[in-house]
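Asker: no sequence on this one, just coordinates:
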């Protein structure tokens, strides 16, 4: 969110105006409304998507921290700290297919992105191929016996 607050035209500066109007939890925010003199990035202890009184929405837990700023550039130090902290928090190992085998990475990505219809079609094609190989093997064995 810190990065978003820095690069987003609406969040980045006090003179920014909304490009589109919106309705957020029943509150109308009209097109052209100014952001205001200060902005803020809040950190919460949890976040979940669930049904609320006004419909489905993102519900945040208890606030942990609030970074107030006037311009996006004011957050550069906080962004650098967050990146360093996030990098230091990384532990464990990654799957072997994420390392240096680009072909394996691409294959894993393509498998993950398949639709249920594509998966069903591929399974059907495999079954047909296996059945054809089985018939060919049986025919070959039959020809050997008939010699």
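Answerer: Thanks, I have the structure now. Treat the numbers as computed from the prediction; the structure is a model and nothing was measured.
Asker: From now on I want contacts and neighbour counts done on CA atoms only, so please keep to that.
Answerer: Will do.
Asker: so where do the strands sit in the protein?
Answerer: All strands of the chain, identified by DSSP state E, fall at 22-24, 27-29, 39-44, 47-52, 55-60, 63-69.
Asker: out of those, deepest packed?
Answerer: strand 39-44 (a mean of 16; mean count of other Cα atoms under 10 Å).
Asker: Centre of the chain to it, how far?
Answerer: Here strand 39-44 shows a centroid-to-chain-centroid distance of 21 Å under the convention Cα atoms, centre = their mean, to the nearest Å.
Asker: returning to what we had before: columns mean pLDDT and distance to residue 122 on top of the strands of the chain, output as a markdown table?
Answerer: Below are those laid out as a markdown table (pLDDT from 0 to 100; distance: least, Cα to Cα, whole Å):
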| stretch | mean pLDDT | distance to residue 122 |
| --- | --- | --- |
| strand 22-24 | 76 | 43 |
| strand 27-29 | 80 | 48 |
| strand 39-44 | 86 | 44 |
| strand 47-52 | 84 | 34 |
| strand 55-60 | 83 | 36 |
| strand 63-69 | 88 | 48 |
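Asker: want to throw these into CSV with distance to residue 15?
Answerer: Compiled in CSV, those are given as follows (distance: least, Cα to Cα, whole Å):
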stretch, distance to residue 15
strand 22-24, 19
strand 27-29, 16
strand 39-44, 11
strand 47-52, 30
strand 55-60, 28
strand 63-69, 13
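Asker: Ok, which of those strands comes nearest residue 138?
Answerer: Comparison of the strands of the chain against residue 138 by Cα to Cα identifies strand 47-52 as nearest, at 56.0 Å.
Asker: in its sheet, what does that closest one sit against?
Answerer: strand 55-60 (antiparallel) (DSSP bridges).
Asker: Check the spacing between the nearest residue to residue 18 once chain neighbours are set aside and residue 19 real quick.
Answerer: Spatial nearest neighbour of residue 18, chain neighbours left out: residue 32 (4.6 Å); criterion: Cα to Cα, 6 or more residues apart in numbering. Applying Cα to Cα, to the nearest Å, the value for residue 32 to residue 19 is 6 Å.
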